[in-house]
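Asker: only the shape, not the letters, is given here:
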DNA sequence: TCTATTTTTAGAATAATTCTAAATTTATTA
DNA sequence: TAATAAATTTAGAATTATTCTAAAAATAGA
């Protein structure tokens, strides 16, 4: 593992936020001011292809990167923010339904996050 | 509903393919040669916001549009192709786990599609 | 140390999508 | 119906996210 690979892996896998390449770049620049965005993309792709990090894609937003540890995502339909949630594991059920075709799955649950709910409430009261 | 909205809705909701905006544009041009790509995006967004069509997003690929009818997706990890599949409905289980927060969900199952499996086999045999 | 390989940089290029302003179409009202 | 307002479409520029290319730098191997 190269310097940047290691560093980027650390940033992504130790964060409970869901960082975009741009955010990771900003983070990395604190320690390595000379680094360049293409390097971030290079290494994110390498790490993703090696199965060491996740890439989370939601319609119309930049991809976000996430630690591997098993968990699902809540996605706010208003602001797009992601939150982690541990739902029942579907692996067995899916393997049962699909056989050895199965590789992995991605479950996203859409909702309105607490902040947006509150904001929407306030707007309605006015 | 405007002319184009209706037409685009028809294309998307009567197709079992998973069309990109570009493909829909090509399709629409057969009937309305003067139409412009921005119109396609405008109307796709309107239809999506109105909950009349789905938008399917997979890391690193252009968004694809799909009919609403309840179904899940198989995504080939090699070529990115989508296939429909009807898996067990999770709505009740998720409502149970999340309460009225729940809006909807999106389940993608990753696999290697038959074509890619075959291709990979052939390559290995050589 | 010399050579080959890999990684990084810099910045251009591409792809997908959105934006803006003007033109056109459609709907509403006098 | 004419006049006005509102919504849609067009044309093309702009933006955003991401990838590509070629050269430079770093690292690893013989």
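Answerer: Nice, thanks for sending it over. As the structure is a computational prediction, the values presented were derived from the model and not from experiment. Numbers count the residues shown, from 1 in each chain, chains lettered A, B, ... in the order given.

Asker: which bits of chain A sit near DNA strand C?
Answerer: Within chain A, the positions adjacent to DNA strand C are A:2-5, A:32, A:34-36, A:38-39, A:42-43, A:60 by Cβ under 7 Å from any atom of the strand. Any C-beta I mention is one placed from the backbone N, CA and C, and that applies to glycine too.

Asker: okay, now the unreliable bits of chain A?
Answerer: A:126 (pLDDT under 70).

Asker: show me the domain layout of it.
Answerer: A:1-69, A:70-126 (automatic domain parsing).

Asker: what's in contact with the biggest strand by length in chain A?
Answerer: Criterion DSSP state E: the longest strand present in chain A is strand A:102-111. For strand A:102-111, the surrounding residues in contact (Cβ atoms under 8 Å, 6 or more residues apart in numbering or on different chains) are A:58, A:72-77, A:85, A:87, A:90-91, A:94-95, B:77, B:90, B:94, B:98, B:101-112.

Asker: rewinding a little: which of the domains of chain A sits closest to DNA strand D?
Answerer: Taking Cβ to the nearest atom of the strand, domain A:1-69 is the member of the domains of chain A nearest to DNA strand D, at 3.4 Å.

Asker: quick one: end-to-end distance for that closest one.
Answerer: End-to-end distance for domain A:1-69: 20 Å, by Cα to Cα, to the nearest Å.

Asker: and for stretch A:82-98?
Answerer: Span of stretch A:82-98 from end to end, Cα to Cα: 28 Å.

Asker: near chain B at all, that stretch?
Answerer: Yes. Contact between stretch A:82-98 and chain B, assessed by Cβ under 8 Å from any Cβ of the partner chain, occurs at A:85, A:87-88, A:90, A:93-94, A:97-98.

Asker: looking at these, which are in helices?
Answerer: Among the residues of stretch A:82-98 next to chain B, DSSP state H puts A:93-94, A:97-98 in helices.

Asker: returning to that earlier point: of the residues of stretch A:82-98 next to chain B, closest to residue A:125?
Answerer: Taking Cβ to Cβ as the measure, residue A:125 lies nearest residue A:85 of these, at 29.0 Å.

Asker: can you pull out the helices in chain A?
Answerer: Counting by DSSP H, the helices of chain A are A:3-13, A:21-31, A:37-49, A:91-98, A:114-125.

Asker: redo those helices as a markdown table? Include distance to residue B:125 and mean neighbour count.
Answerer: Output for these, formatted as a markdown table (distance: least, Cβ to Cβ, whole Å; neighbours: other Cβ atoms under 10 Å in any protein chain shown):
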| stretch | distance to residue B:125 | mean neighbour count |
| --- | --- | --- |
| helix A:3-13 | 34 | 18 |
| helix A:21-31 | 38 | 16 |
| helix A:37-49 | 24 | 17 |
| helix A:91-98 | 25 | 14 |
| helix A:114-125 | 54 | 11 |
